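Q: model this:
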Amino acid sequence: MSNEKLLVVDDEEDILELLRFNLVREGYEVACAATGEQALQQINRNSFDLIILDLMLPGIDGLDVARRLKKNVKTQFMPIVMLTAKGEEADIVAGLELGADDYITKPFSPRVLIARLKAVIRRRAVTPEDVNQIIQIHDIVIDPGKRSVVIAEQPIDLTYTEFQVLYYLAGRPGWVSTRTQIVDAVRGSDYPVTDRSVDVQIVGLRKKMGDHGKLIETVRGVGYRFKESLQAALI
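A: You can find the predicted model right below:
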């Protein structure tokens, strides 16, 4: 049983009750809000482990709620799962670029939604908070202190930007990252990183990583993610 505290934000009462019922049954502590204003008020008074956020809300919409949370140092790392009827590619990209950890479209399966919530919480728990933390995933070891990458006990030589891109993606296995998010993550180096140059960096990374390059998956129309399963990637 889980003990995380979740906030569900949706202006449809039926959906609120459906989510509350299924989440409580899974062991989560659940609070609900029907507007963006109510959501922000509850977040100011309480701490939550994750927020399930509809986009089409009366008053302050879901994107604005997410934007405010990401600008606040107290809530910028709160996981956000967007649950909405807005399923166009542009909507998904906008949500992810604002910092959403996942984007689920209505209608939805409660079982699938809960599985994806658990995945977000699990991934968030293993995401390195310390920028100098060594990442060990599959048979890859990434050491930011030494700026070294070893795959299957063999070192590989990466450029500064290739290293930054790999470290960012591998530190968030399973998460979809837009090109803009990747640019923001590696910004600050001497290399002028742009949306288009991210694709060039990925091509270079995959080539140098050999078969393991298949772990970096292209999500069409959105960006990239680092696969959680090595076996699936190498098939």
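Q: Going by C-alpha atoms from here, please, whenever you check contacts or count neighbours.
A: Will do.
Q: what sits up against whichever helix in the chain runs longest?
A: Selection of the longest helix in the chain by residue count, based on DSSP state H, yields helix 110-126. For helix 110-126, contacts defined as CA atoms under 8 Å, 6 or more residues apart in numbering pick out 19, 22-23, 50, 79, 81, 101-102, 104, 171-174.
Q: Same list (those residues) but as JSON lines, adding secondary structure.
A: Rendered in JSON lines, the data for those read as follows (DSSP: H, G, I helix; E, B strand; the rest coil):
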{"residue": "19", "secondary structure": "helix"}
{"residue": "22", "secondary structure": "helix"}
{"residue": "23", "secondary structure": "helix"}
{"residue": "50", "secondary structure": "strand"}
{"residue": "79", "secondary structure": "coil"}
{"residue": "81", "secondary structure": "strand"}
{"residue": "101", "secondary structure": "coil"}
{"residue": "102", "secondary structure": "strand"}
{"residue": "104", "secondary structure": "strand"}
{"residue": "171", "secondary structure": "coil"}
{"residue": "172", "secondary structure": "coil"}
{"residue": "173", "secondary structure": "coil"}
{"residue": "174", "secondary structure": "coil"}
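Q: Filter those down to the buried ones, ChimeraX style.
A: Restricted to buried positions by 16 or more other CA atoms under 10 Å, the ChimeraX selection for these reads:
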select :19,23,50,79,81,101,102,104,171,172,173,174
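Q: Which single one of the contacts of helix 110-126 is nearest to residue 148?
A: Proximity of the contacts of helix 110-126 to residue 148 (CA to CA) peaks at residue 171, which lies at 14.8 Å.
Q: what separates the longest helix of the chain from the chain centre, distance-wise?
A: 11 Å (CA atoms, centre = their mean, to the nearest Å).
Q: in the helix or strand following it, what's buried?
A: Going down the chain from helix 110-126, the next helix or strand is strand 135-137, by DSSP states H and E. Going by neighbour count (16+ other CA under 10 Å), the buried part of strand 135-137 is residue 135.
Q: Fine by me, we can end here.
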